[in-house]
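In: got a predicted structure here, sequence first:
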Amino acid sequence: MSVFGSFSSGHEHTTPWINSDSLENGLYVSVSPPWVVRKDGDFPISIQIRNIDAAHDVVVKEIRLLGEIPLQVSPYKILHAQGDLLQQVQAAKLVFADDGSVSDQKQFIDLLAKLGREVCETHWFVSGDTKHIRVEIDIIEGGKTRTLLKKIDVNKQPPLPQGGSADIAILIDDLCEQKVVHARSIHTPSWFAGDQHIHTSFSVDAVILDGTEQEPYEYSQYAESIGLDWAIFTDHSNITYSEIWGNRDWFVSSQFDWGQDECKQYRNDHDWLSIYSQELGLGQQGFWDLPSHMLCLPLDHDLAEMLPNPSSGLIYGHADCESEQTIINRINDAGAFGFIAHPYAWAYLTYYEWDWGNGTNGWAGLELICDDEGNYDEEDWSTWHKWHELLNGIALPMNGKLPDRAGWPNRFPVGIGDSDAHEPGKVGRTWTYVAMESVTRANLKDGMLGGHCVASNGPLAWITVNGSFAGDVALMPSEWNDDIVVSIRTNSSMGYAGEYSVDILVNGEVQQTIEPSGTTSYSLDYYVTNLNLESQSKFITLRTTKESFVCLTNPVWLQHTMFGDLDGNGSIGLGDILNIIANWGNCANCLSDLNQDGTVNTADLLQLISIW
Ligand SMILES: [Zn+2]
Ligand SMILES: [Zn+2]
């Protein structure tokens, strides 16, 4: 989201240097490492010095990184005094924020863009052992040299959880009593993490509001240090602007091509999945014909070229976009997938909420969480409720599968989490865990379209029902003790798995809450024996929380079958016999084990034949 002066309910983007309190003698200095460093090895930092309100021109003489491996650079860069420009910007912001007009908005942004031009920037890789970053900057002002010192702590944390069998398990019985039991070794998928919604310096709002000058290659270095397994960069393709002091124009196809080339280069250099794409404006809502936003995710292959996103009106040419369906079709025709960005967010004179009455089809999913500080707010709750309403409208599964939906790329709207970061340090503040064998683009596509994924700002949690997990259909034979496992994986930065509570929702209603067990393990399974699923129970989602941590899990779909109907085709027949043979032998908790004695053998075959 973001974009010029988002004075919406939850997501105000502030530009720190226009707040006089964040200036030192009129200078703004920032030292920005990644918000968290989870990967071993060197990590990037960016240092900026801006002359916002100093009385005189200043010269940035030298910038030094202190520590065991000192680094230094001597830019001798002049940052010119800007007169009373800051006061003009502050005044213009107040006017615009108070229901200002379109020209008030333009006045504010043009002045802000001008204010941002006096900047000296440097980027370094810092040794992975660094815990405290200390930077000294020598400034010459009025013939005198003075030294600014900036200190910042590095938030070094262990890698994100990747799944695997639990260290400990807890059985929840009919009375909701919890009892520690031996953890079964069950097949669990591997989970990887990525952020699908990131803006670089090819989004003009990132440059003007957040001071971002980094392009996708450098962003990818941040994303990799943050511990993600992939990143998709989605610059605003409906927002145009021409620099008033320089010669940059946004958003143009040369930026798209450059961004895509940088991502390709990063993939080649680092064997790490960096993908370039767009966030498109679509539709025309309200008096100003404002668009809403959709992420174009080219999951299994790159876009051949920038997708056109014509727009006009207002002052950034960002309104009056083509219809939602036109844009969705364009994304699909390009072999990519549309995910609705921040469905309930809006910003004055900039963009609007998704129009649920627009009658479109063909989009693949939506952002359940979208925040560059990892927050979860009122808008996300609205999305959560709307999403469950949509899931309730999905047709019942048959033969162990959800039916195809004509005109849609997948079988149900998949929920994801993204940061919408407009600066590299905030990438991956919210993300999506996707289950797959290994990180390839083909697997990413299958995992995200199939809903084998989880939106999170920390913990990883999923549910397995009779062997099927998020995105899949679980067969629910009658007269069968359903095997329901809720898995939570965390690390020390998120606290123990046993500190989380889990809402288990059936058809979108909370059916049971697992209270925190207090178990001191980062890897915990709950065996839930009392969920009382009924024939109208259609799908199960999870909401796992502790304080500000939240994890939202895509649905497991339930197909209620008759006892012995192992392939879910509605009758007992050859397919079911083959199913028993395929699972012959030790097969605890698999459906072929009709008598649930832990072994699939002749007894189960005979039992099947008896009900033929
Ligand atoms: Zn965005
Ligand atoms: Zn957006």
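Out: Thanks, I have it. This structure is a prediction, so every number in the text was calculated from the model and none was measured. Numbers count the residues shown, from 1 in each chain. Ligands and ions are numbered 1, 2, ... in the order given.
In: show me the strands in the stretch 401-550 of the chain, by range?
Out: Counting by DSSP state E, counting those that start in this stretch, the stretch 401-550 of the chain has strands at residues 414-418, 431-435, 453-456, 460-465, 473-477, 484-489, 501-506, 509-514, 523-528, 539-546, 549-561.
In: run the angle between the fourth one and strand 523-528 for me.
Out: To tie it back to what came earlier, the one meant is strand 460-465. Inter-element angle recorded for strand 460-465 and strand 523-528: 30 degrees (by axes from the mean of the first three to the mean of the last three Cα atoms, to 10 degrees).
In: for the stretch 501-612 of the chain, which residue gets nearest to ligand 2?
Out: At 19.4 Å from ligand 2, L552 is the closest residue in the stretch 501-612 of the chain, using Cβ to the ion. In short, each C-beta sits where N, CA and C put it, glycine included.
In: again, but for the stretch 101-250 of the chain
Out: With Cβ to the ion, the shortest gap between the stretch 101-250 of the chain and ligand 2 falls at H236, namely 7.2 Å.
In: and that residue, how far from A421?
Out: Separation of H236 from A421 (Cβ to Cβ, to the nearest Å) stands at 13 Å.
In: ok, now D300?
Out: Applying Cβ to Cβ to D300 and A421 gives a distance of 24 Å.
In: for the strands of the stretch 401-550 of the chain, give me JSON lines that also has mean neighbour count, distance to R405 and mean pLDDT.
Out: What follows is the strands of the stretch 401-550 of the chain, written out as JSON lines (neighbours: other Cβ atoms under 10 Å; distance: least, Cβ to Cβ, whole Å; pLDDT from 0 to 100):
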{"stretch": "strand 414-418", "mean neighbour count": "29", "distance to R405": "12", "mean pLDDT": "98"}
{"stretch": "strand 431-435", "mean neighbour count": "30", "distance to R405": "21", "mean pLDDT": "98"}
{"stretch": "strand 453-456", "mean neighbour count": "28", "distance to R405": "18", "mean pLDDT": "98"}
{"stretch": "strand 460-465", "mean neighbour count": "25", "distance to R405": "22", "mean pLDDT": "97"}
{"stretch": "strand 473-477", "mean neighbour count": "22", "distance to R405": "15", "mean pLDDT": "95"}
{"stretch": "strand 484-489", "mean neighbour count": "25", "distance to R405": "27", "mean pLDDT": "97"}
{"stretch": "strand 501-506", "mean neighbour count": "19", "distance to R405": "22", "mean pLDDT": "98"}
{"stretch": "strand 509-514", "mean neighbour count": "14", "distance to R405": "24", "mean pLDDT": "97"}
{"stretch": "strand 523-528", "mean neighbour count": "23", "distance to R405": "30", "mean pLDDT": "96"}
{"stretch": "strand 539-546", "mean neighbour count": "22", "distance to R405": "15", "mean pLDDT": "98"}
{"stretch": "strand 549-561", "mean neighbour count": "25", "distance to R405": "13", "mean pLDDT": "97"}
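In: just send the ones you listed back as JSON lines, with distance to I226 too.
Out: Output for the strands of the stretch 401-550 of the chain, formatted as JSON lines (distance: least, Cβ to Cβ, whole Å):
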{"stretch": "strand 414-418", "distance to I226": "13"}
{"stretch": "strand 431-435", "distance to I226": "9"}
{"stretch": "strand 453-456", "distance to I226": "14"}
{"stretch": "strand 460-465", "distance to I226": "16"}
{"stretch": "strand 473-477", "distance to I226": "34"}
{"stretch": "strand 484-489", "distance to I226": "18"}
{"stretch": "strand 501-506", "distance to I226": "26"}
{"stretch": "strand 509-514", "distance to I226": "30"}
{"stretch": "strand 523-528", "distance to I226": "22"}
{"stretch": "strand 539-546", "distance to I226": "21"}
{"stretch": "strand 549-561", "distance to I226": "17"}
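In: out of those strands, the one nearest I609 is which?
Out: strand 473-477 (16.3 Å; Cβ to Cβ).
In: need the CA coordinates for the closest one. PDB is fine.
Out: Extracted in PDB, the C-alpha atoms of strand 473-477 (Å, rounded to 0.1, in the frame of the first residue of the first chain):
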ATOM      1  CA  VAL A 473      -8.900 -32.600   1.100                       C
ATOM      2  CA  ALA A 474      -9.100 -34.900   4.100                       C
ATOM      3  CA  LEU A 475     -11.300 -37.900   3.800                       C
ATOM      4  CA  MET A 476     -13.500 -38.300   6.800                       C
ATOM      5  CA  PRO A 477     -14.900 -41.900   7.000                       C
END
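In: so what secondary structure elements neighbour it?
Out: Counting contacts by 3 or more Cβ pairs under 8 Å, 6 or more residues apart in numbering; DSSP states H and E, strand 473-477 packs against strand 549-561.
In: tell me the helix or strand right after the strand it packs on.
Out: helix 574-582 (DSSP states H and E).
In: what is the mean pLDDT for that following helix?
Out: Computed over helix 574-582, the mean pLDDT rounds to 89.
In: can you list contacts of the next helix-or-strand element following it?
Out: The helix or strand immediately downstream of helix 574-582 is strand 585-586, counting by DSSP H and E. For strand 585-586, the surrounding residues in contact (Cβ atoms under 8 Å, 6 or more residues apart in numbering) are 598-601.
In: looking at D300 and A421 now, which is surrounded by more residues?
Out: A421 (31 against 16; other Cβ atoms under 10 Å).
In: residue contacts, the residue in the stretch 451-600 of the chain that ligand 1 sits nearest to?
Out: Here the residue of the stretch 451-600 of the chain nearest ligand 1 is A455; by Cβ to the ion that distance is 15.8 Å. Applying Cβ under 8 Å, 6+ apart, one finds that A455 lies in contact with 367-369, 415-417, 430-432, 551-552.
In: separation between the spatially closest residue to it that is not a sequence neighbour and D57?
Out: Nearest residue to A455, sequence neighbours excluded (Cβ to Cβ, 6 or more residues apart in numbering): G417, at 3.0 Å. Computed as Cβ to Cβ, the G417 to D57 distance reads 45 Å.
In: how about the residues of the stretch 151-300 of the chain by ligand 1?
Out: Residues of the stretch 151-300 of the chain lying near ligand 1 by Cβ under 5 Å from the ion: E279.
In: checking the closest residue to ligand 1 within the stretch 151-300 of the chain next. Helix, strand or coil?
Out: Closest approach between the stretch 151-300 of the chain and ligand 1, counting by Cβ to the ion: E279, at 4.7 Å. Using DSSP: H, G, I helix; E, B strand; the rest coil, the structure places E279 in strand.
In: what's the burial count for it?
Out: By other Cβ under 10 Å, neighbour count at E279 equals 28.
In: now the nearest residue to it once chain neighbours are set aside, what are its backbone angles?
Out: Spatial nearest neighbour of E279, excluding adjacent residues (Cβ to Cβ, 6+ apart): T234 at 4.1 Å. When read as degrees, to the nearest 10, the backbone of T234 gives phi -130, psi 80.
In: next structured bit after the worst-scoring helix or strand of the chain on mean pLDDT?
Out: Ranked by mean pLDDT, DSSP states H and E, the weakest helix or strand in the chain is strand 585-586, scoring a mean of 83. Remark: after strand 585-586, the chain's next helix or strand is strand 599-600, criterion DSSP H and E.
In: what sits against the residue nearest to A455?
Out: With contact set as Cβ under 8 Å, 6+ apart, G417 has these partners: 367-370, 430-432, 454-457, 552.
In: surely the residue of the stretch 151-300 of the chain closest to ligand 1 and M294 touch.
Out: Yes. With contacts counted by Cβ atoms under 8 Å, E279 reaches M294, the gap being 7.1 Å.
In: overlap of the contact sets of these two?
Out: Contacts common to E279 and M294, judged by Cβ under 8 Å, 6+ apart, are A341.
In: find the nearest non-adjacent residue to D167, please.
Out: What sits nearest to D167 in space, not counting adjacent residues and going by Cβ to Cβ, 6+ apart, is S523, at 4.4 Å.
In: can you list the domain ranges for the chain.
Out: Domain assignment for the chain by automatic domain parsing gives 16-32+39-153, 158-189+456-561, 191-451, 567-612.
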